Structure formats: structure tokens, C-alpha cells
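Participant: based on what follows, work out the 3D shape:
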Amino acid sequence: MMFFFKHEIYLFEQKGSVECCHLLLQCCKGPKLANQLDNSSKNAAHYAAAAGHYLLLRELASVEGVDLEAEDPDDR
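Facilitator: Next comes the predicted model:
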């Protein structure tokens with residue numbers, strides 16, 4: 001089941017849907033979900049930053065335990 005939600009948070013992030021990300025983070029193990037790495041070793045914060053979604057970064061920052069300083073494997 002986490003596999004589905006993992007991909008959902010990235011999809012919502014890439015579309016810039018703050019409300020959907022908020023709901024997923026509140027109901028589905030927020031930091032654990034947001035900190036999961038994909039096949040490229042990137043987490044939700046990497047994708048939000050790469051897409052310029054500062055509101056999503058603020059949403060991620062509001063959840064205790066979300067790693068906003070995870071190393072980017074692409075050195076960005």
C-alpha cells in the first residue's frame with residue numbers, strides 16, 4: 001500500500017497540488033512517506049524544489065521529521 005502512496009505524493013507534488021499533499025502527509029505517516037526515496041534516490045523535497053513548488057516545500061517543512069536537507073544524488 002505504501003508503494004501507491006509513495007507515487008501519489010510525487011504525482012501531486014509535480015502538479016503543484018498543495019491540498020492533496022497536505023492530506024497525504026496528514027493521513028499517511030507524513031515524514032515516513034515524504035522521506036522515502038525513489039529509484040533515483042530522491043525524496044519529496046527534491047522534487048518540490050526541482051519543480052519550483054515553494055508552497056509544497058513549506059508544507060513539507062511544516063511536518064515534523066521531514067528531511068529537507070537530504071543529499072541530492074545529482075548534486076543540485
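
Participant: quick one: pLDDT of residue 62?
Facilitator: For residue 62, the model assigns a pLDDT of 91.

Participant: quick check: closest non-adjacent residue to the spatially most central residue of the chain.
Facilitator: Compute the mean C-alpha point of the chain, and by C-alpha atoms, centre = their mean the closest residue is residue 44, 2.3 Å away. Nearest in space to residue 44, with sequence neighbours left out and distances taken as C-beta to C-beta, 6 or more residues apart in numbering, is residue 34 at 4.4 Å. C-beta here means a position set from N, CA and C on the backbone, and glycine is covered the same way.

Participant: ok so, going back, test my guess that the residue nearest to the centre of the chain contacts residue 59.
Facilitator: No: look at residue 44 against residue 59 with C-beta atoms under 8 Å: they stay out of range, at 9.6 Å.

Participant: now do the shared contacts for the two.
Facilitator: residue 21 (C-beta atoms under 8 Å, 6 or more residues apart in numbering).
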